[in-house]
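Visitor: Attaching a predicted model along with its sequence, questions to come.
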Amino acid sequence: MVHALEEIHRLLKPSGRLIDIHPVSEAMRVEIDDDGTLSSVGELSVGQWCMDFQQADEALADVIERGLFIVEAEDIFDAPTYYGSVEEMRTALMGSVDRFSRDRRSAEEAVPPVERIVAGSEELMRMARGTAELVAHERTHIRRLRPGPSDGKG
Amino acid sequence: MAIRTDPEENGRGALLDLAALDGGRILEIGSGDGRFTWTFADRAEHVTAIDPDAEQIALARQNTPAHLRDRVDLQHVGFEDFAAKTSPAAFDFVILSWALC
């Protein structure tokens, strides 16, 4: 990750900017939107199996400390995903487990929490109207960084 | 009903609040199926969007809006390989698009 950031520094013009966008390392909140009435299903933590947000944050902190990049501005926003059915959500979450798990073991560990959220969603969706949707809220961190004068080898 | 990701375009709003992309040459790392790429590509001079997942790049190619076809270059490649063949100072912006996960 640090090497990738050094390469990004090389590819940027001196006046260029790096925009880093990634979910914050906290649980994803899942709720049901039943015609504007919101009911909480629960939270799904991806931190244990998803290739490390924390590791990524540490790599960025490292290159910032070395002066390779300088943070100019940052913000946090909500990136919600809406699912029309529990099966849609289950398929999408399992797809993410396949795509983003750091290894086989962490992929296996990710499945039970997903199934728990799915089971909780099924129960609440049965009681909701046909137009109800599931919403997974992912809080996301965005940062603008400018290349520093350092060659990053420090 | 189709899955809708960030239909309010909070991501686009946050990006454009932080970065004046107008007319810039952009590298997006981890472009996936392109759904985020389409939200900002119209502001750029050119976007190179890369992803190591062949299936995701195929989806992105299939779903590229007609008005962006000349502006967005989708490449199935990992970042290290891409960087190795790319000249220094080639881009005005590099967007790490959820690529750290």
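Guide: Cool, the structure landed.

Visitor: Who are the contact partners of A:V71?
Guide: With contact taken as Cβ atoms under 8 Å, 6 or more residues apart in numbering or on different chains, A:V71 is in contact with A:64, A:143-145. In this view, the C-beta of every residue, glycine as well, is placed from N, C-alpha and C.

Visitor: swap that for A:D57, sorry
Guide: A:S25.

Visitor: Enumerate the positions of the helix or strand hosting it that are buried.
Guide: Using DSSP states H and E, A:D57 falls within helix A:53-65. Judged by neighbour count (16 or more other Cβ atoms under 10 Å in any protein chain shown), helix A:53-65 contains these buried residues: A:53, A:56-57, A:59-60, A:63-64.

Visitor: of the residues you listed, the lowest pLDDT goes to which?
Guide: Checking pLDDT across these, the minimum falls on A:F53 at 66.

Visitor: Kindly list the single helix or strand of chain B that scores lowest on mean pLDDT.
Guide: Of all helical and strand segments in chain B, the minimum by mean pLDDT, DSSP states H and E falls on strand B:4-5, at a mean of 88.

Visitor: returning to what we had before: direction included, what does the next helix or strand after the helix holding A:D57 pair against?
Guide: Using DSSP H and E, the helix or strand that follows helix A:53-65 in sequence is strand A:69-83. In the sheet, strand A:69-83 lines up against strand A:133-147 (antiparallel), strand B:4-5 (antiparallel) (DSSP bridges).

Visitor: sec struct for A:R29, please.
Guide: Applying DSSP: H, G, I helix; E, B strand; the rest coil to A:R29 yields a three-state assignment of strand.

Visitor: Pretty sure it sits against A:S39.
Guide: No - counting by Cβ atoms under 8 Å, A:S39 is not a contact partner of A:R29; they are 11.8 Å apart.

Visitor: Compare these two and say which is more crowded by neighbours.
Guide: A:R29 (17 against 13; other Cβ atoms under 10 Å in any protein chain shown).

Visitor: Now that one. Nearest residue, chain neighbours left out?
Guide: A:H137 (4.4 Å; Cβ to Cβ, 6 or more residues apart in numbering or on different chains).

Visitor: which bits of chain B sit near chain A?
Guide: Contact residues (Cβ under 8 Å from any Cβ of the partner chain) of chain B with chain A: B:1-8, B:10-11, B:13-15, B:17-19, B:27, B:29, B:53, B:79-80, B:83, B:86, B:88-101.

Visitor: among those, which ones are buried?
Guide: B:3, B:5-6, B:11, B:14-15, B:18-19, B:27, B:29, B:53, B:79, B:83, B:90-101.

Visitor: From these, which land in helices?
Guide: Per DSSP state H, helices hold the following members of those: B:11, B:14-15, B:18, B:79, B:83.

Visitor: how about those residues, which pair is most distant?
Guide: Maximum pairwise distance in those, criterion Cβ to Cβ, is 26.0 Å, between B:A14 and B:A83.

Visitor: Who is A:F69 paired with across the strands?
Guide: A:P147.

Visitor: picking that back up, run the chain-centre distance for the least confident helix or strand of chain B.
Guide: 17 Å (Cα atoms, centre = their mean, to the nearest Å).

Visitor: for stretch B:50-64, same thing?
Guide: Its chain's C-alpha centre and that of stretch B:50-64 lie 11 Å apart, by Cα atoms, centre = their mean.

Visitor: Residue of chain A closest to chain B, please.
Guide: A:G84 (2.8 Å; Cβ to the nearest Cβ).

Visitor: Might one say that that residue is in contact with B:A2?
Guide: Yes - taking Cβ under 8 Å as the definition, A:G84 is a contact partner of B:A2 at 7.3 Å.

Visitor: Tell me who's in contact with the residue nearest to A:V111 when sequence neighbours are not counted.
Guide: Closest residue in space to A:V111, ignoring its immediate chain neighbours: A:V97 at 6.7 Å, by Cβ to Cβ, 6+ apart. The contact partners of A:V97, by Cβ under 8 Å, 6+ apart, come to A:49, A:107, A:110-111, A:114.
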